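> give me coordinates for this.
(chains A and B)
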Amino acid sequence: MMQPVDRQKNVQRTIRQSVLIVLGMCCFVVALIPLYDLFCEVTGLNGKTGGPYTYDPANTRPDTTRLVKVNFLTNTNAGLSWKFWPELGGVRVHPGELKEVNFFVKNTTDRVMMAQAIPSLVPVAATQYFHKTECFCFNQQVLQPGEELAMPMRFVVDRDLPKNVQSINLSYALFDITEAMGDVAVTGG
Amino acid sequence: MSEVIHADHHDDHDHGPEKGLARWLFTTNHKDIGTLYLWFSFLMLLTGGVMALVIRTELFQPGLQFVAPEFFNQMTTNHGLIMVFGAIMPAFVGLANWLVPMQVGAPDMALPRMNNLSFWILPFAFGMMISTLFMEGGGPNFGWTFYAPLSTTYAPDSVTFFIFAVHMMGASSIMGSINIIATILNMRAPGMTLMKMPLFVWTWLITAYLLLAVMPVLAGAVTMMLFDIHFNTSFFNAAGGGDPVMFQHIFWFFGHPEVYIMILPAFGIVSHIIPAFSRKALFGYDSMVYAVASIAFLSFIVWAHHMFTVGMPLAGQLFFMYATMLIAIPTGVKVFNWTATMWKGSMSFETPMLFAVAFVVLFTIGGFSGLMLAITPADYQYHDTYFVVAHFHYVLVPGALFSIIAAVYFWFPKWTGKMYNETMGKAHFWLSFIGVNVTFFPQHFSGLAGMPRRIPDYALQFADFNMLSSIGAFIFGFSQLVFLYVIIHGIRKGTPAAGRAWEGARGLEWTLPSPAPYHSFTHPPVVTDEEAHA
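The predicted structure is shown next:
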């Protein structure tokens, strides 16, 4: 029969192992957040387009044999009564060609407000091949009451875009972040 | 802990329980704590049941008659949370407390004081959660899955109480699991090797590891919600660079193992009852153990089948579809083993056996509707409809709950030393059986026809099925009062039960007298082949 002292030691060892599992899973959850972002960035699975891209015209020749339709969609998230619209519903571009499209935004309220546009792109397989050299979504917009703003977005579709992708839909959702950023951000720019 | 260790030395003068309330508040006895867990979960069953009846009353006819939609949402949310975390899980922990030490030949749980703590956290956790229903703005109303941003940006103020209640339940579950693991791994009588352990012990060992693995994930999810709500972080807030879809991934990474936490101990219970009333040894003991282990492993890699419609690449959808279907194989092994155990057995149908056989049949129906839901293209049609409601109620009510009721009837003579009234028990079974099927079977049809879940009102075409469902719900709900009556009547006026109350019952607990003495197996028993796994 097992001696009581041995048993006590064994129980303590089991507790240590169990607590290690719990702590390990806690670390796993914390690690999951950056891992999720990294996973989405690499695969483009959540349709979020990447940050500023450096376009080098010397090394990039437009592929004139192909035309890709890029459609633009805009919407304001619940509770934000701004107007938000693109200059064009869509454009046809050659892969490798730099294109500029204007987006317009108007603060229809009588308050100073701050907004942030979040991009989403389908098909997700095209996410990594859609590069933006300049985009209003890279920073926040602060608008005075009644102010209207034209915001350029310059992009280039990668020459390596898979052949089966013939059209890309780029959607922007505009979120009201006045409250989240606080008054300091709004007044101090 | 030293209490247990020294128990060996002073067990000759058998001291019984303390008197009065102190016995229950300060008890470290596994049988007392098991009893507390079981009564608590029964109270929660009735609470969650009343909420279900509020839902079914509102849905009795189309239109809004009985409650406001806001309150209806609180009822669906709290019904789910209370049944999952308050009724099913604590009931299984209660059964583990009562049975695991007796089945492995141990004097008590390995950590008796922590055992007391892990129970007494629960009434406070649920007290806090239920109290939110009476707060300004109401209680949780975002569904038991509390998807962000519904549970963050758009949640009632009381959501913070809900978050802390979930933290407390998680702490209780983790402590309970550590206790069960420590008991099973270290407290077994000599000769009780791992592959001789009764299946209830095996299933609980695996369940306890699942709990250790996923409860921290749930705690992480609600903590991120807490930060998003109060500290301006944006884990799940798209405007700040977060992603609401990440919430669903984290939640279901917890959620899918969680649903197996609620069914694996049930598999164990049924694997005791069916052999006892078939008067045959369990068919395929080893394959049962491996099947449970496989199901537990698979539960970690299928979570996204809950969220096919959220948008996923084809490869992902195919992976989660096939991985999900793979679970049918070990589950099929178990169902075939139970059937093979009954095959050519000398069967009798006392109440525990009736519930166990109903479990096998009805759980299998729930399993098949689960397979239908696993088919990705079909899931786009079934998603968020009453078909899903029918599916998970079939695996949780005549699945998990029936197994718990079967266990209560089966071990009742061992716990109380009395035999319950068999006629009343059978009446309880037939009322429950009919009630459950009348409630949930029609929901398959309304779901396939497109009735969405979590709505207080519905299109006229669903009226008949809903009326039927509501009638069944009231039959099922009130038949649980028969259960309460059978239990109380059995405790008060039951006929004395023998040590081996059922002739076919095998296992160390049946070598003890009935009722089991307050302190049992203070000297380790001899494990014979016959009393090792039933």
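
> interface residues of chain A facing chain B?
Residues of chain A lying close to chain B (Cβ under 8 Å from any Cβ of the partner chain) are A:1-2, A:4-5, A:7-8, A:10-11, A:14-15, A:18-19, A:21-23, A:25-26, A:28-30, A:32-33, A:36, A:40, A:43, A:45-46, A:77, A:116, A:118, A:124-125, A:173, A:175-177, A:180. Any C-beta I mention is one placed from the backbone N, CA and C, and that applies to glycine too.

> excluding sequence neighbours, find me the nearest residue to residue B:59.
In space, residue B:59 comes closest to residue B:466 once its chain neighbours are excluded; the distance is 5.0 Å by Cβ to Cβ, 6 or more residues apart in numbering or on different chains.

> report how many residues lie close to the one you found.
Burial of residue B:466 is recorded as 21 neighbouring residues (other Cβ atoms under 10 Å in any protein chain shown).

> likewise for residue B:450?
Neighbour number of residue B:450 under other Cβ under 10 Å is 15.

> quick check: closest non-adjacent residue to it.
Residue B:450 sits nearest to residue B:385 (Cβ to Cβ, 6+ apart), 6.3 Å away.

> burial count for the one you found?
Residue B:385: 19 neighbours (other Cβ under 10 Å).

> check residue A:126 too.
Neighbour count of residue A:126, defined by other Cβ under 10 Å: 24.

> pretty sure it is touching residue A:164, no?
No - with contact defined as Cβ atoms under 8 Å, residue A:126 and residue A:164 do not form a contacting pair (9.9 Å).

> chain center to the helix or strand that residue A:37 is a member of: distance?
In the assignment (DSSP states H and E), residue A:37 maps to helix A:4-43. Per Cα atoms, centre = their mean, to the nearest Å, the displacement of helix A:4-43 from the mean C-alpha position of its chain is 31 Å.

> that one - contacts with which helices or strands?
Counting contacts by 3 or more Cβ pairs under 8 Å, 6 or more residues apart in numbering or on different chains; DSSP states H and E, helix A:4-43 packs against helix B:2-7, helix B:159-186, helix B:199-230, helix B:244-261.

> as a markdown table, the ones you listed with distance to chain A would be great.
Formatted as a markdown table, those follow (distance: least, Cβ to the nearest Cβ, whole Å):
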| stretch | distance to chain A |
| --- | --- |
| helix B:2-7 | 4 |
| helix B:159-186 | 4 |
| helix B:199-230 | 3 |
| helix B:244-261 | 5 |
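
> tabulate the ones you listed (TSV), appending mean neighbour count.
Below are these laid out as TSV (neighbours: other Cβ atoms under 10 Å in any protein chain shown):
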stretch	mean neighbour count
helix B:2-7	14
helix B:159-186	23
helix B:199-230	23
helix B:244-261	22
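
> coming back round to it: mean confidence for the helix holding residue A:37?
Across helix A:4-43, pLDDT averages out at 91.

> so that helix versus helix B:199-230, what angle?
For helix A:4-43 against helix B:199-230, the angle by axes from the mean of the first three to the mean of the last three Cα atoms, to 10 degrees is 50 degrees.

> compute the inter-axis angle for helix A:4-43 and helix B:244-261.
150 degrees.

> from residue A:128, how far off is the most centrally placed residue in chain A?
The centroid of chain A falls nearest to residue A:48 when counting by Cα atoms, centre = their mean (3.6 Å). Remark: distance between residue A:48 and residue A:128 (Cβ to Cβ, to the nearest Å) = 11 Å.

> now the residue nearest to residue B:156 when sequence neighbours are not counted, what are its backbone angles?
Spatial nearest neighbour of residue B:156, excluding adjacent residues (Cβ to Cβ, 6+ apart): residue B:137 at 4.0 Å. As for residue B:137, its main-chain torsions (degrees, to the nearest 10) stand at phi 90, psi -10.

> go on, the one 4 residues further on?
Residue B:141 adopts backbone torsions of phi -130, psi 20, taken as degrees, to the nearest 10.

> now do the strands in the chain.
Using chain A. For chain A, applying DSSP state E gives strands covering A:68-76, A:83-86, A:90-93, A:98-106, A:113-122, A:130-134, A:141-143, A:148-157, A:167-176.

> wait, I meant chain B there
Under DSSP E, chain B gives strands at B:418-419, B:495-496.

> and the residue nearest to residue B:59, what does it touch?
B:59, B:60, B:61, B:62, B:442, B:446, B:458 (Cβ atoms under 8 Å, 6 or more residues apart in numbering or on different chains).

> how about these in JSON lines, adding pLDDT?
Below are those laid out as JSON lines (pLDDT from 0 to 100):
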{"residue": "B:59", "pLDDT": "97"}
{"residue": "B:60", "pLDDT": "97"}
{"residue": "B:61", "pLDDT": "96"}
{"residue": "B:62", "pLDDT": "96"}
{"residue": "B:442", "pLDDT": "97"}
{"residue": "B:446", "pLDDT": "96"}
{"residue": "B:458", "pLDDT": "96"}
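
> which of these are buried, as a ChimeraX select command?
A single ChimeraX command selects the buried members of the contacts of residue B:466 (16 or more other Cβ atoms under 10 Å in any protein chain shown):
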select /B:59,60,61,442,446,458
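
> from the contacts of residue B:466, which is closest to chain A?
When these are ranked by distance to chain A (Cβ to the nearest Cβ), residue B:458 comes first, at 25.3 Å.
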